[in-house]
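*Asks:* quick check, what structure comes out for this input:
(one chain, ligands or ions: 1)
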Amino acid sequence: MKLKFAVIGLGSFGSTVALELIRLGHEVLGIDIRDAMVNKHAEQLTQSLIADATDEKVIEELGLKHYDGIVVAIGENLEASILSTMALKNAGCAQVWVKAITDTHHRILSRLQADRIIHPEHEIGVRVAQSLTHPQMLDYISLGNGWFVVEIQVNERIAAHRNYAQDMQFNDIQLTLVKRGRSVLPPPYRELVLQPGDQIVLAGELDNLLKFAKQIF
Ligand code: ATP
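*Replies:* Reported below is the predicted structural model:
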């Protein structure tokens, strides 16, 4: 489905988000106060505009409240980030996602009802550390309240662990999907013998997933 997004601030983070949204087939309006940043990405984005996003009139006139989502990617200038978020929420915009730099910035943004607060450096740092510690872990998603979905590449060691189904049950972990080559194997997986190279998706509470990881890795 083609959605309509606006990205405010076309620095390295904002422009990466904007270009990826374009690659995913969406419409993207890019806004930056500096003409150089707008000119740099004008050809790749659906529409781009030199404007000050702290100006409530600009937000109104652009009809940003009708957009599916807005990313405020102004980092260093906290005042501009806060004022833009305030203007967007006052205008009735839904799904305002804002890049935060400090904990104080985060607290102010959450008071302003930002719909999602992003800490790119922190989030990527955590991912890199996790991937280095568990090279078998391909990806993970936090579901909130300590629940995670984790994608794992099965190696020889995991494949040799024949009691994985019992260990999962013991640790209250669900094996939700098994991909072998290009196909997804149909459940149930209770009797399935895992093979090196399989990709499996597990769901469970973080503490249980860590206990299970110690048993299988
Ligand atoms: P990044 O870390 O993503 O590279 P940056 O260091 O280039 O960001 P930031 O200060 O974080 O720059 O701001 C990102 C962009 O936001 C800049 O291109 C800047 O011109 C733009 N910007 C700053 N204030 C406003 C504003 N009031 N309205 C629109 N754009 C703004």
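
*Asks:* so which bits of this protein are right by the ligand?
*Replies:* Residues of the chain lying near the ligand by Cβ under 6 Å from any ligand atom: 8-14, 31-34, 37, 52-54, 73-77, 80, 84. Every residue, glycine included, has its C-beta placed from N, CA and C.

*Asks:* report the buried members of those residues.
*Replies:* 8-10, 13-14, 31-33, 37, 53-54, 73-75, 80, 84 (16 or more other Cβ atoms under 10 Å).

*Asks:* returning to what we had before: out of the residues of the chain next to the ligand, name the ones that lie in strands.
*Replies:* Taking DSSP state E as the definition of strands, the residues of the chain next to the ligand contribute 8, 31-32.

*Asks:* next, format those as JSON lines and append pLDDT.
*Replies:* Below are those laid out as JSON lines (pLDDT from 0 to 100):
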{"residue": "8", "pLDDT": "98"}
{"residue": "31", "pLDDT": "98"}
{"residue": "32", "pLDDT": "98"}
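
*Asks:* ok, so of those, who is nearest the ligand?
*Replies:* residue 32 (4.5 Å; Cβ to the nearest ligand atom).

*Asks:* next one: the residue nearest to that closest one when sequence neighbours are not counted from residue 198, what distance?
*Replies:* Ranked by Cβ to Cβ, 6 or more residues apart in numbering and with sequence neighbours excluded, the top spatial neighbour of residue 32 is residue 10, at 4.4 Å. Look at residue 10 and residue 198: by Cβ to Cβ, to the nearest Å, they are 41 Å apart.

*Asks:* kindly report the same for residue 214.
*Replies:* Taking Cβ to Cβ, one finds residue 214 at 20 Å from residue 198.

*Asks:* for residue 143, same thing?
*Replies:* From residue 143 to residue 198 the distance is 23 Å (Cβ to Cβ).

*Asks:* more neighbours, the two?
*Replies:* Using other Cβ atoms under 10 Å, the more surrounded residue of residue 143 and residue 198 is residue 198, with 19 against 12.

*Asks:* in this structure that one contacts residue 178, no?
*Replies:* Yes: applying Cβ atoms under 8 Å as the test, residue 198 and residue 178 come out as touching, 5.9 Å apart.

*Asks:* strands along this protein, start to end?
*Replies:* So, for the chain - with DSSP E - the strands run 4-8, 27-32, 47-50, 69-72, 96-99, 116-118, 137-144, 147-153, 174-180, 183-185, 199-205.

*Asks:* looking at those strands, which one has the lowest mean pLDDT?
*Replies:* Ranked by mean pLDDT, those bottom out at strand 137-144, with a mean of 86.

*Asks:* what does the domain assignment say about this protein?
*Replies:* Per automatic domain parsing, the structural domains of the chain span 4-118, 123-216.

*Asks:* work out the gap between the first one and the centre of the chain.
*Replies:* Looking back up the chat, that one is domain 4-118. 16 Å (Cα atoms, centre = their mean, to the nearest Å).

*Asks:* ok, stretch 201-217 next?
*Replies:* 22 Å.

*Asks:* what comes up buried for that stretch?
*Replies:* Neighbour counts using 16+ other Cβ under 10 Å place 201-205, 208-209, 211-213, 216 of stretch 201-217 among the buried residues.

*Asks:* thanks a lot, catch you later.
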